[in-house]
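Enquirer: Okay, sequence plus prediction incoming.
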Amino acid sequence: MQYIIKNKFRIILAVLAVVAVPFFSGCGSSSNPSYLVDLEIWGPFDDSLVYGDIITEYKKMNTHVREIKYRKFSLETYKEELIDGLASGNGPDIFLINNTWFPYFENKLYPAPTPFISPQDIKDNFPDVVYSDFVSENKAYAVPLAMDSMQLYYNKDMFNAVGITSPPKTWQELENCVEALTKIDQEGKIIRSGAAIGTAKNVNRSTDLISLLMLQYEAKLPMKKGELASFDEGAYSLGSGGEKLRLGEAALDFYTKFAKINDSNGNANRLYTWNAEQENSVDAFAGGSVAMLFNYAWQNSVIKNKNPKLNYDIAPIPQVSADKPVTIANYWGFAVSSNKNPRMVSQEQSKTKPVSNDARAHEAWEFLRFLTLKNNGKITLYNALNTKSSMDFLVNIDPASDYIKKTLQPAARRDIIKEQKNDLKLGVFASGNLFAKNWYQKNPEKIDGIFTEMIETVNSGGTSLHDALVLARGRVNSLQEN
């Protein structure tokens, strides 16, 4: 009997010891003060239900987070509302920024504390472009869940009708496809276009496509803070007429030649396939009047909604050099605001006294680490007011994987990309993310306008390739320097 009582006593002590672990790990002791934080996330995509299971699971583990709310905004007004919210101090704790927006928002962001997400974590978990876009001065400023890269949409029925058995892998192969696919009537009207390329305003993402060509031709675009564009200089390449052109000139020459009725010698241009009179390129592809479209994964659902019966597929973007594949990245990352009016209360002091801004940012980045990085079934959470205090928790969900499955987007994390590479519709975009690039743009909206004007002045014959690029370079660099 005495033996049984002793054993029961030992069991009770063991249970008490286990129960006491969270207390002594900083979740309620006087040396590790407790607090509550409310986090608000802003973005132009997804409904809050997408994050429901992720937030519920996280709140079970992190008792310092009282609420995590996601607010969806219209894409058309999101950037303006975000800028206004951050300026007033009443904006979000966490918000999505496009990868091209980082130069503008950098001074409004709170970088990730190293224990949570380090530059090395960015290198290890995501494609190289994420490090290039979101790491500055050895600090990580944003992390993505999904990514997108420009690829080639092609109409299978049109390809089959002219005996083309596979999509083009190089731009030279694309030229042959365009010549075979294009139909022009006796009055010179384009009846069927081989590809939507050559103009600016009616080619969706035309300025992304010209940037992609410059990256493939290795024209000199600014890749980081402090660099300037010199795409009108550098090495030479052959132009469409066989003449030697600077690399940037060769890229612009290639892009615009598909919209020219005559070639450089005044003869009928065998590659003429598109002009400013064509309808918007996405509508034209969905309507079956153009065989090839260059665009991102999100256009897939747009095209399906416009024409569910369209027989098309998606292939890797053609390359200048198959040995050095390049596409262009367009995606969004979660960032943390540097300052905001506090919504946090300390349980130990007063119902109205706020926890510091550092503690708010601490909890925001702790959640983003959970949301985006691989957890291997366990995460470590730190107390914002005593960072030496930590607790390990078992995790039953991989938030990034859960998000990708629910939203059906190309993945950003390398291990999920590996799983997604064989997906019939998303695999080409996921694989493309691994060799996608971007360039550093202080004001992407104004640069879009500069590149649009550059394309249009060349098409109108109002200026030479070289002069158009010199003017564009000067205007781009003026933005970069300010």
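Expert: Ah, there it is.

Enquirer: contacting residues for Pro168?
Expert: Shown in contact with Pro168 (CB atoms under 8 Å, 6 or more residues apart in numbering): 152, 174, 176-177, 318. C-beta: built from backbone N, CA, C; applies to glycine.

Enquirer: Mind doing that once more with 6 Å?
Expert: 174, 177, 318 (CB atoms under 6 Å, 6 or more residues apart in numbering).

Enquirer: Then Val470?
Expert: By CB under 6 Å, 6+ apart, the residues touching Val470 are Asp232.

Enquirer: Ok, the one 5 residues further on next?
Expert: Under the criterion of CB under 6 Å, 6+ apart, the neighbours of Arg475 are Ile450.

Enquirer: Mind checking what secondary structure it has?
Expert: helix (DSSP: H, G, I helix; E, B strand; the rest coil).

Enquirer: Can you give me the domain assignment for the chain?
Expert: Taking automatic domain parsing as the criterion, the chain consists of the domains 1-28, 32-147+332-407, 151-328+442-481.

Enquirer: Of the ones you listed, give the one that comes closest to Ala430.
Expert: Of all the domains of the chain, domain 32-147+332-407 sits nearest to Ala430, with 7.9 Å by CB to CB.

Enquirer: give me phi/psi at the nearest residue to Ser48 once chain neighbours are set aside?
Expert: Counting by CB to CB, 6 or more residues apart in numbering, Tyr70 is the residue found nearest to Ser48 once chain neighbours are left out, at 4.3 Å. Backbone torsions for Tyr70, taken as degrees, to the nearest 10, come to phi -110, psi 130.

Enquirer: what residues are up against Tyr70?
Expert: Shown in contact with Tyr70 (CB under 6 Å, 6+ apart): 41, 48, 51.

Enquirer: Run a quick neighbour tally on Phe134.
Expert: Neighbourhood size, Phe134 [other CB atoms under 10 Å]: 27.

Enquirer: Wait, it touches Tyr331, no?
Expert: No: counting by CB atoms under 6 Å, Phe134 does not reach Tyr331; the two are 10.2 Å apart.

Enquirer: list the contacts for Ala284?
Expert: With CB under 6 Å, 6+ apart, Ala284 has these contacts: 278, 290.

Enquirer: again, only this time at 7 Å
Expert: By CB atoms under 7 Å, 6 or more residues apart in numbering, the contact list for Ala284 reads 193, 196, 278, 290.

Enquirer: Phi, psi for the last one please.
Expert: When read as degrees, to the nearest 10, the backbone of Val290 gives phi -140, psi 140.

Enquirer: Mind pulling the model confidence for it?
Expert: Val290 carries a pLDDT score of 98 in this model.

Enquirer: And Ser29, by the same measure?
Expert: pLDDT, Ser29: 37.

Enquirer: before we move on, what about Lys8?
Expert: The confidence metric pLDDT takes the value 40 at Lys8.

Enquirer: With the one 3 residues further on instead?
Expert: We note a pLDDT of 40 for Ile11 in this prediction.

Enquirer: Same check on Gly287?
Expert: For Gly287, the model assigns a pLDDT of 98.

Enquirer: Roughly how far does it sit from Thr77?
Expert: For Gly287, the distance to Thr77 (CB to CB, to the nearest Å) stands at 29 Å.

Enquirer: give the contact list for Gln186.
Expert: Going by CB under 7 Å, 6+ apart, Gln186 touches no other residue.

Enquirer: Does it fall in a helix, a strand, or a coil region?
Expert: Secondary structure of Gln186, reduced to three states by three-state DSSP: coil.

Enquirer: is it true that Asn300 touches Lys425?
Expert: Yes: shown here, Asn300 and Lys425 form a contact pair, counting by CB atoms under 7 Å, at 6.3 Å.

Enquirer: which of the two has more neighbours?
Expert: Remark: of Asn300 and Lys425, Asn300 carries more neighbours, 18 against 14, as counted by other CB under 10 Å.

Enquirer: Mind giving me the packing neighbours of the helix or strand harbouring the more buried one?
Expert: Element membership for Asn300 (DSSP states H and E) is helix 299-306. Helices and strands touching helix 299-306, by 3 or more CB pairs under 7 Å, 6 or more residues apart in numbering; DSSP states H and E, are helix 281-287.

Enquirer: Provide a list of residues in contact with the residue positioned nearest the centre of the chain.
Expert: Residue closest to the mean C-alpha point of the chain, counted by CA atoms, centre = their mean, is Tyr331 at 1.2 Å. Counting by CB under 7 Å, 6+ apart, Tyr331 touches 99, 144, 146-148, 412.

Enquirer: Pick the one among those residues closest to Tyr312.
Expert: Tyr312 has its nearest neighbour among the contacts of Tyr331 in Asp148, at 17.9 Å by CB to CB.

Enquirer: Look up the closest residue to that closest one, ignoring the ones flanking it.
Expert: Nearest to Asp148 is Tyr296, by CB to CB, 6+ apart, at 4.5 Å.

Enquirer: The one you found is in contact with Leu152, isn't it?
Expert: No: Tyr296 is beyond contact range of Leu152, at 11.3 Å (criterion: CB under 7 Å).

Enquirer: State the distance from Ala195 to Ser230.
Expert: For Ala195 relative to Ser230 (CB to CB), the value is 29 Å.

Enquirer: how near is Ser88 to Glu81?
Expert: Distance from Ser88 to Glu81, counting by CB to CB: 11 Å.

Enquirer: what's the answer for Ile317, then?
Expert: Distance from Ile317 to Glu81, by CB to CB: 33 Å.

Enquirer: With Lys69 instead?
Expert: According to CB to CB, Lys69 and Glu81 sit 16 Å apart.

Enquirer: likewise Arg66?
Expert: Arg66 is 25 Å from Glu81, by CB to CB.

Enquirer: Next: Ser389.
Expert: Noted for Ser389: a distance of 37 Å to Glu81, by CB to CB.

Enquirer: among the helices and strands of the chain, which has the poorest mean pLDDT?
Expert: Lowest by mean pLDDT, DSSP states H and E among the helices and strands of the chain is helix 21-22, with a mean of 37.

Enquirer: What values do phi and psi take at Asn160?
Expert: phi -60, psi -40.

Enquirer: So what's the residue count around it?
Expert: Residues lying near Asn160 (other CB under 10 Å) number 11.

Enquirer: what sits against it?
Expert: If you count contacts by CB under 7 Å, 6+ apart, Asn160 has none.

Enquirer: so what pLDDT did it get?
Expert: 98.

Enquirer: can you check the one 5 residues further on too?
Expert: pLDDT for Thr165: 97.

Enquirer: Leu424 versus that one, what's the distance?
Expert: 19 Å.

Enquirer: Need the max-distance pair from the contacts of Tyr331.
Expert: Farthest apart among the contacts of Tyr331 by CB to CB are Asn99 and Ala146. That separation is 11.7 Å.

Enquirer: Counting neighbours, go ahead and name the busier of those two.
Expert: Comparing Asn99 with Ala146 by neighbour count (other CB under 10 Å), the higher total belongs to Ala146, at 26 against 23.

Enquirer: Which residue comes closest to Ser321 once chain neighbours are left out?
Expert: Ser321 sits nearest to Gln216 (CB to CB, 6+ apart), 7.3 Å away.
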